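Enquirer: got a structure for you, letters missing:
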């Protein structure tokens, strides 16, 4: 973290993200209170629909937008548009302008917000000076998002308690301008766009719509993906109902006033931050589908508890538990998708998920006021809360089957776990590396690497025998052995030739995956240093690989 904030460009990105996410959450709370006072629960529902539907349409294309231009400029444009729109909303509210105009500006803010995050995530690798620094930058972004989830609503709650909605809008405008000021000062040393090269091949470009719908096709043909995406979307139906339920809980059931809306939202953010520890503990079990089911239950059960006993203490505690469940669902669902979807369509699948979840939130926002008007606030909380645990129970067999049948490359994991460099890594990281390994074969007498050439891959012997040749002497490497780490970690040419002594089958791991895994985990890095020290010590005798 210290290194991240010593890097001027990364520091500006992280602080800009803080302004963006705090402003985004504060604006949502202030806007929800405004909508409630204008039209009651129905007004809140209408607002959510107006904000969510354009974002749902844009989501599958957001990554394309971020990849086709300078990413820092995309972020800057997003900040400036949002600042102008929120500032315009403040002027409209102050002057008694039409509610419809405020809602249109809210839709504009939501739409441009869907572009900022993909651009920011894609920008970080071009600003980080090392794999270690990139890992820390991603950690900083995640932590800032969790803090923003409760700091933004808390700020809005305090302002609404002592001032007015238009004042909250003005403060939000300042947050977006703060973000824009920092983004404008980013000075990348490397290209920050993933745009295609100007030299194209002769093939006709794939239509954008066809590219976007590849994600839908991938989900449709795979039952496991349908279960995960279905549960994720179901959770966001309740997430769409949540703003309405929070407002009704704070103002009707608890009589906490406008500030209570912000405090209850903050409880969710605090629970989400605490959920990080829970996710780390659960990840060791390697039961991601079961974790997803648990998170789904924790999303629904707190609402049932509040419905049965609506007191301020219980409401704050239960919304905190809901925030914890939200972190578990988010991490488990996204990790399951990352492990189950081919890399070439992964981004498009996430675009589809984003679109489906935003549309599901709009559906929940419509359903909540109908339940409240038909059955009352307390019954609406109980019914909404019961939906997710019931769905998790219905799909529990499918979730257990996903965990049981998860494709774990056992042989690759066995080889990685036996190597001292990788042994300290977490199970999830080892699985990622196992999937990243590329199987290669060499006939007897073929050179795998030659002394003096640049090193691009790390190798593990799966079967057969290789021989390391240094100054005319050789030493065998049997199954389970490995070579290639010195050239990668020390950024030097190969220090030995490795040749196939028999029919040789290897697993190759690319430079980026190897360096990212080893340097991003201190115990693994220390183990690598020990191995390299030992090998360099004996390399002078011509007996070990590099």
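Expert: That came through fine. Nothing here was measured: the structure is a model prediction, and the numbers come from that model.

Enquirer: got the residue ranges for the strands in the stretch 401-546 of the chain?
Expert: In the stretch 401-546 of the chain, the strands defined using DSSP state E, counting those that start in this stretch lie at 438-442, 447-449, 457-463, 466-470, 473-477, 482-483, 497-500, 504-510.

Enquirer: which one of the ones you listed lies closest to residue 161?
Expert: strand 504-510 (53.9 Å; Cβ to Cβ). Any C-beta I mention is one placed from the backbone N, CA and C, and that applies to glycine too.

Enquirer: Pairing partners for that closest one, with directions?
Expert: Note on strand 504-510: by DSSP bridges, its sheet partners are strand 438-442 (antiparallel), strand 457-463 (antiparallel).

Enquirer: before we move on, the earlier item: go through the strands of the stretch 401-546 of the chain and pick out the most buried.
Expert: Highest mean neighbour count among the strands of the stretch 401-546 of the chain (mean count of other Cβ atoms under 10 Å): strand 482-483, with a mean of 23.

Enquirer: what mean pLDDT does that strand have?
Expert: Mean per-residue pLDDT for strand 482-483: 90.

Enquirer: How far away from the center of its chain is it?
Expert: Mean-position distance between strand 482-483 and its chain equals 33 Å (Cα atoms, centre = their mean, to the nearest Å).

Enquirer: got a list of contacts for it?
Expert: By Cβ atoms under 8 Å, 6 or more residues apart in numbering, the residues outside strand 482-483 that reach it are 419, 421, 449, 458-461, 466, 468, 477, 496, 498, 545-546.

Enquirer: ok, of these, which one's closest to residue 159?
Expert: Checking those against residue 159 with Cβ to Cβ, the nearest one is residue 421 at 51.9 Å.

Enquirer: Could you report the neighbour count for the closest one?
Expert: Neighbourhood size, residue 421 [other Cβ atoms under 10 Å]: 24.

Enquirer: In this model residue 518 seems to touch it, though I could be wrong.
Expert: Yes: at 6.1 Å, residue 421 counts as touching residue 518 under the criterion of Cβ atoms under 8 Å.

Enquirer: that older thread, ok, which of the strands of the stretch 401-546 of the chain comes nearest residue 154?
Expert: Comparing the strands of the stretch 401-546 of the chain by their distance to residue 154 (Cβ to Cβ), the top pick is strand 504-510, with 43.9 Å.

Enquirer: How far away from the center of its chain is the closest one?
Expert: Taking the mean C-alpha point of strand 504-510 and that of its whole chain, the gap between them comes to 30 Å (Cα atoms, centre = their mean).

Enquirer: So what's the model's average confidence on it?
Expert: Mean pLDDT, strand 504-510: 92.

Enquirer: next one: stretch 240-250
Expert: Stretch 240-250 carries an average pLDDT of 87.

Enquirer: Next: stretch 403-412.
Expert: Mean predicted lDDT for stretch 403-412 stands at 71.

Enquirer: What residues sit buried inside stretch 370-388?
Expert: Neighbour-count burial for stretch 370-388, counted by 16 or more other Cβ atoms under 10 Å, picks out 371-372, 377-378, 380-385, 387-388.

Enquirer: Now tabulate those in TSV and tack on distance to residue 160.
Expert: Formatted as TSV, the buried residues of stretch 370-388 follow (distance: Cβ to Cβ, whole Å):
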residue	distance to residue 160
371	25
372	21
377	20
378	24
380	23
381	22
382	28
383	29
384	25
385	26
387	30
388	29
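
Enquirer: Can you tell me which of those is closest to residue 111?
Expert: Nearest to residue 111 among the buried residues of stretch 370-388, with distances taken as Cβ to Cβ, is residue 384, at 27.0 Å.

Enquirer: Could you tell me how far the residue lying closest to residue 167 once chain neighbours are set aside is located from residue 145?
Expert: Nearest non-adjacent residue to residue 167, counting by Cβ to Cβ, 6 or more residues apart in numbering: residue 159, 5.6 Å away. According to Cβ to Cβ, to the nearest Å, residue 159 stands 21 Å off from residue 145.

Enquirer: Neighbour count: the two, which is higher?
Expert: A count of neighbours by other Cβ under 10 Å puts residue 159 above the other of residue 159 and residue 145, at 24 against 20.

Enquirer: Which of the strands of the stretch 401-546 of the chain sits closest to residue 27?
Expert: strand 504-510 (41.9 Å).

Enquirer: out of everything not next to it in sequence, what's closest to residue 253?
Expert: residue 310 is the one closest to residue 253 (Cβ to Cβ, 6+ apart), at 4.1 Å.

Enquirer: secondary structure class for the one you found?
Expert: Here residue 310 is recorded as coil under DSSP: H, G, I helix; E, B strand; the rest coil.

Enquirer: what residues are up against it?
Expert: For residue 310, the contacting residues are 249, 253-254, 378, 381, by Cβ under 8 Å, 6+ apart.

Enquirer: just the residues you listed now: which is nearest residue 87?
Expert: The closest of the contacts of residue 310 to residue 87 turns out to be residue 249 (Cβ to Cβ; 30.5 Å).

Enquirer: Give me the below-cutoff pLDDT ranges for the stretch 51-200 of the chain.
Expert: Within the stretch 51-200 of the chain, the set of residues satisfying pLDDT under 70 comprises 59-69, 118, 121-122, 125-126, 129-136, 138-139, 142, 189-200.

Enquirer: Then the stretch 301-450 of the chain?
Expert: For the stretch 301-450 of the chain, the ranges with pLDDT under 70 are 335, 338-348, 351, 405-409, 426-429.

Enquirer: right, and residue 170 touches residue 90 too?
Expert: Yes: contact criterion Cβ under 8 Å: residue 170 and residue 90 qualify, at 5.0 Å.

Enquirer: what about the two, which has more around it?
Expert: The neighbour count for residue 170 versus residue 90, taken as other Cβ under 10 Å, is higher for residue 90 (22 against 19).

Enquirer: For that one, which non-adjacent residue is closest in space?
Expert: Nearest one to residue 90, counting by Cβ to Cβ, 6+ apart, is residue 169 at 3.6 Å.

Enquirer: Check the burial of the closest residue to residue 257 other than its chain neighbours by counting its neighbours.
Expert: Once flanking residues are discounted, residue 257 sits nearest to residue 161: 6.7 Å by Cβ to Cβ, 6+ apart. Neighbourhood size, residue 161 [other Cβ under 10 Å]: 15.

Enquirer: Go ahead and confirm residue 161 touches residue 261.
Expert: No: using Cβ under 8 Å, residue 161 makes no contact with residue 261, being 9.8 Å away.

Enquirer: what is in contact with the two at once?
Expert: Common neighbours of residue 161 and residue 261 (Cβ under 8 Å, 6+ apart) do not exist.

Enquirer: What's the first helix or strand after the longest helix belonging to the chain?
Expert: Ranked by residue count and defined by DSSP state H, the top helix of the chain is helix 8-67. Going down the chain from helix 8-67, the next helix or strand is helix 71-94, by DSSP states H and E.

Enquirer: Show me what counts as buried in that next one.
Expert: By 16+ other Cβ under 10 Å, the buried positions in helix 71-94 come out as 71-72, 74-90, 92-93.

Enquirer: Export the strands paired with strand 504-510 as JSON lines, with columns for distance to residue 55.
Expert: Output for the strands paired with strand 504-510, formatted as JSON lines (distance: least, Cβ to Cβ, whole Å):
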{"stretch": "strand 438-442", "distance to residue 55": "38"}
{"stretch": "strand 457-463", "distance to residue 55": "41"}
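
Enquirer: Which among these is found nearest to residue 112?
Expert: strand 438-442 (39.8 Å).

Enquirer: where's residue 146, which helix or strand?
Expert: Assessed by DSSP H and E, residue 146 sits inside helix 131-162.
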